[in-house]
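Undergrad: Here is a sequence with its predicted model. Questions after.
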Amino acid sequence: MALTLEEANRGIQGAAAKAGELNIKVSIAICDGGGRLVAFQRMDNAIWASTFGSQGKAIASSATGRPSGDMPDQKVNPTLGGIIAAAGGTMIVGKGGFPLRRNGVVEGACGVAGGTFDQDEACARAGVAHF
C-alpha cells in the first residue's frame, strides 16, 4: 500500500504539534518512497530556506531508509556524495529526516527544517509517530 495524502497530513500534524511545543517555526515535508513530495507545510514566519531543508532531508531519508542525520559526511563517504550529485543535489544530510516504514518497507519520509538540528529531529520523530 502506498503512502496516502491522509497519512502524510497526519505526519505533518504530528511534527507541527511538536514544533508548537518547542515554540519554533518550521517547514515539514512528507515524501513517498521515491522521494516525491506528497504533502508540505511551512509554518507562519518559518525561515524561507527551511522549505528546501525539509524536503532535502525527507528525500535523503527516503532514499537511504535511515535518518538523514545518521548519514556519513560526503567527504568521508564519496559514494554518498556521488549519489547526492546523481540525484541533482536534492538530498540533504543532517538531522531532521526520518523514514516512514510499513511492514519493514520504506514508504516515504518526514523531513523538518527551521529549528536547531536537535529540534528538527524531535519534530520529524513526532511526525513519524503519527504516520
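TA: Nice, I can see it.
Undergrad: all contacts plus neighbour counts: C-alpha atoms, from now on.
TA: Noted.
Undergrad: Okay, buried residues for the strand ranked longest in the chain please.
TA: The single longest strand within the chain, with elements called by DSSP state E, is strand 105-113. Going by neighbour count (16 or more other CA atoms under 10 Å), the buried part of strand 105-113 is Val106, Glu107, Gly108, Ala109, Cys110, Gly111, Val112, Ala113.
Undergrad: quick check, distance from that strand to the centre of its chain.
TA: 5 Å (CA atoms, centre = their mean, to the nearest Å).
Undergrad: what does it contact?
TA: 2-3, 11-12, 15, 26-35, 50-51, 53-59, 61-62, 65, 96-101, 120-121, 123-124, 127-128 (CA atoms under 8 Å, 6 or more residues apart in numbering).
Undergrad: Could you give the secondary structure assignment for the residue nearest to Lys95 when sequence neighbours are not counted?
TA: Sequence neighbours aside, Gly69 is the residue nearest to Lys95 in space, at 3.8 Å (criterion: CA to CA, 6 or more residues apart in numbering). Of the three states, Gly69 takes helix according to DSSP: H, G, I helix; E, B strand; the rest coil.
Undergrad: Pro99 versus Gly69, what's the distance?
TA: 11 Å (CA to CA, to the nearest Å).
Undergrad: Looking at those two now, which is surrounded by more residues?
TA: Pro99 (31 against 20; other CA atoms under 10 Å).
Undergrad: who are the neighbours in contact with that one?
TA: Counted by CA under 8 Å, 6+ apart, Pro99 has contacts Ala58, Ser61, Ser62, Gly65, Arg66, Pro67, Val106, Glu107, Gly108, Ala109, Cys110, Val128.
Undergrad: so it, which of the three states?
TA: strand.
Undergrad: Might you list the low-confidence residue ranges for the protein?
TA: 1, 72-76 (pLDDT under 70).
Undergrad: Could I get the phi/psi values of the closest residue to Gly114 other than its chain neighbours?
TA: Using CA to CA, 6+ apart and skipping the chain neighbours, the partner closest in space to Gly114 is Val26 (4.4 Å). Backbone torsions of Val26, given as degrees, to the nearest 10, read phi -130, psi 170.
Undergrad: same thing with Gly35?
TA: Per degrees, to the nearest 10, the backbone of Gly35 is at phi 80, psi 10.
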